[in-house]
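Undergrad: Sequence plus the predicted model coming up.
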Amino acid sequence: MTAKSALPASARAESGLAGLPGAAFLEALDRFPAGVAIVDRARCIRFMNRRLEAMTGYGREEAAGLPCAQVLKSAACVRACPVAAGGDAIGQDTDLLTRSRQRLPVRLSAVPLAEGYCLEVLEDLSPLRDAEKRLAAPFGAGSLLGRSREMERLFGLIPVLAQSDAPVLITGETGSGKDLAAEALHAASPRSREPFLRLNVSPMPEALIESELFGHRQGAFPWAEADKAGAFIAAGRGTVYLAEIGDLPSPQQAKLLGVLDQGLATPVGATSGVKVAARLMVATNRDPEDLVREGRLREDLLRRLGAMRIHLPPLREREGDVEYLLRHFLGTYAAALRKEVTGYAPKALRLLLDYPWPGNVRELKNVVEYAVMVCSGRLVLPLHLPQHVAQHVAESGQARPAKAPARPRRSSP
Amino acid sequence: MSAHTLLVPLLRMDVAPRFDLAVEVLLVGFDESSAETGRQHMMLAHSSADDLCDFILRQGVTVVVANGIEEGYYHYLRWKRVEVLDGVMGPADLVVERFAQGRLAAGDILFERSDARGN
């Protein structure tokens, strides 16, 4: 089935779309950000837009003429078909099964057209559900965990900064949770239903970085066979997160500054800019002022980014968090790995509390996972810890006695 | 071909779009020569993928032909050595016929497609 013949002219005419040529109308549906299907009176699919093809896993040619319920595999289609009920359903929350056997939460709306045709719109709710899950977790800012004063201050700041559209600069040592802070900011913001696009530009050549960020036009590079939307365009009204701003070459930093100042992204090979509305978040594990001194970060860009700044403290400066996180991740990994590990032997705990955690929370998480994996009893013993942990403590002097357990306190993330 | 018990979740006369929402099933027995030995059309008390998996194992079903089935149930049944042909769309009778002929594969679409007027 060709896109042009998918919807009969009479249906277009009587549905008030007579002024639009068929191909233009269907192309417009292709650009629509939700899944769209047009079904006939026999409840068979006549047209599916690109988004719905991606959601279901079926191509439009493959689905054409097949019963809608069989292709969409939506619970609503099986239980109470909205088309059979006159095609009038607005915002019904349901789900569908994709061809790759995944259940996708969707919001289904159906609108009757002329001659028994019906337009079905399926909005993918999985980003929303993910965001709800993150917010409902026992920690207040996504997956960021902690109960130290430093972290509690941060958890209070995230919902406030989330309401702004200004760019955010996130600093902190490696493994301290910069990515999680960016995700938490996005999840708490009004943009949470829009995409969150994370880009790590360090392994990319310059031309590819520019293309990934701002897109390119067909023919801009020898390998550019078609137009490509860069992150700023693809994110829509969502968030673009650059994992290490110091790795962004200077010409692209200048272009980024242009995006921030004018709200326009110019794809490589294009003669004019495209209006963009995504929020920018950037991170670095270095001191940004040092990056400026070394010529790796433009001063004007830092000034523009630095107005909203979040610093993730290193784990060694987060009073009480090491023990809290050790216990939290022990529970998590014991459940995930189906182990009956319930705690740490005092000697093992002493070693872990005295370790300086240069890799911060990421390293702590890996160490706990390893310990739970190799532990065969109920308590983690020193022999279950990675060798470098015990070795480091031994080399840096006598381990201190284990601290008394901190006062139990309800954690915020 | 060895003896088989085939189960097809139904929605009216067709393969049900969803394994987990089916309340009717068709059970068909085949002997070694692929001859049909019996056919039962059964109503289930309610739709539940867990209960349907239990039913499949209790009945000694060897092949399930379904359209949509969630990843977890698909792998569970395969782990229990039940063959699953999923993504199959079409009238149940035709599906059974094609299976008996050894001509049914996962992803087969056996519906006659309607034309643009919905006929």
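TA: All right, it came through fine.
Undergrad: When you work out contacts or count neighbours from here on, use the C-alpha atoms and nothing else.
TA: Will do.
Undergrad: Which strand residues bridge the spatially most central residue of chain A?
TA: Per CA atoms, centre = their mean, the C-alpha nearest to the average position across chain A is that of residue A:196, at 4.2 Å. Assessed by DSSP bridges, residue A:196 has beta-bridge partners residue A:239.
Undergrad: do you know how far it is from residue A:362?
TA: Relative to residue A:362, residue A:196 is positioned 21 Å away (CA to CA, to the nearest Å).
Undergrad: ditto for residue B:14
TA: 51 Å.
Undergrad: Neighbour count: the two, which is higher?
TA: residue B:14 (19 against 15; other CA atoms under 10 Å in any protein chain shown).
Undergrad: what's near enough to touch the more buried one?
TA: B:89-92 (CA atoms under 8 Å, 6 or more residues apart in numbering or on different chains).
Undergrad: Can you list which of these are found in helices?
TA: Within these, residues falling in helices by DSSP state H are residue B:92.
Undergrad: from the contacts of residue B:14, which two are the most distant?
TA: The most widely separated members of the contacts of residue B:14, counting by CA to CA, are B:89 and B:92 (8.7 Å).
Undergrad: okay, and the common contacts of these two?
TA: Contacts common to residue B:89 and residue B:92, judged by CA under 8 Å, 6+ apart, are B:14-15.
Undergrad: which of the contacts of residue B:14 come close to chain A?
TA: residue B:89 (CA under 8 Å from any CA of the partner chain).
Undergrad: Which of the contacts of residue B:14 has the largest number of neighbours?
TA: That'd be residue B:89 among these, by other CA under 10 Å, with 25 neighbours.
Undergrad: got a pLDDT number for the closest residue to that one other than its chain neighbours?
TA: Nearest residue to residue B:89, sequence neighbours excluded (CA to CA, 6 or more residues apart in numbering or on different chains): residue B:109, at 4.7 Å. For residue B:109, the pLDDT comes out at 95.
Undergrad: Am I right that residue B:109 is in contact with residue B:94?
TA: No: at 10.6 Å, residue B:109 does not count as touching residue B:94 under the criterion of CA atoms under 8 Å.
Undergrad: Mind checking which of these two has more residues around it?
TA: residue B:109 (19 against 15).
Undergrad: next one: phi and psi at that one?
TA: phi -110, psi 110 (degrees, to the nearest 10).
Undergrad: List the residues that contact it.
TA: B:87-90.
Undergrad: try residue B:96
TA: residue B:28.
Undergrad: can you give me the mean pLDDT across the helix or strand in which it is found?
TA: Using DSSP states H and E, residue B:96 maps to helix B:92-100. For helix B:92-100, the mean pLDDT works out to 96.
Undergrad: ok, of the contacts of residue B:14, which one's closest to residue A:375?
TA: Nearest member of the contacts of residue B:14 to residue A:375, counting by CA to CA, is residue B:89, at 49.1 Å.
Undergrad: Was I right to think the closest one contacts residue B:104?
TA: No: the pair residue B:89 and residue B:104 fails to qualify as a contact (CA under 8 Å) at a distance of 11.0 Å.
Undergrad: Now do the strands in chain B.
TA: Taking DSSP state E as the test, the strands found in chain B are B:4-11, B:14-15, B:24-30, B:36-43, B:63-65, B:83-85.
Undergrad: Can you name every helix or strand that the fifth one contacts?
TA: With contacts defined as 3 or more CA pairs under 8 Å, 6 or more residues apart in numbering or on different chains; DSSP states H and E, strand B:63-65 has these neighbours: strand B:4-11, strand B:83-85.
Undergrad: and the angle for the first one with strand B:36-43?
TA: Think strand B:4-11. With axes from the mean of the first three to the mean of the last three CA atoms, to 10 degrees applied, the angle from strand B:4-11 to strand B:36-43 works out at 30 degrees.
Undergrad: picking that back up, mean pLDDT for the strands of chain B - can I get that in TSV?
TA: Compiled in TSV, the strands of chain B are given as follows (pLDDT from 0 to 100):
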stretch	mean pLDDT
strand B:4-11	95
strand B:14-15	96
strand B:24-30	96
strand B:36-43	94
strand B:63-65	97
strand B:83-85	96
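Undergrad: returning to that earlier point: out of the helices and strands packed on strand B:63-65, the one nearest chain A is which?
TA: strand B:4-11 (8.2 Å; CA to the nearest CA).
Undergrad: ok so, going back, could you redo the strands of chain B as TSV and give each row distance to residue A:245?
TA: Formatted as TSV, the strands of chain B follow (distance: least, CA to CA, whole Å):
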stretch	distance to residue A:245
strand B:4-11	54
strand B:14-15	54
strand B:24-30	58
strand B:36-43	61
strand B:63-65	52
strand B:83-85	49
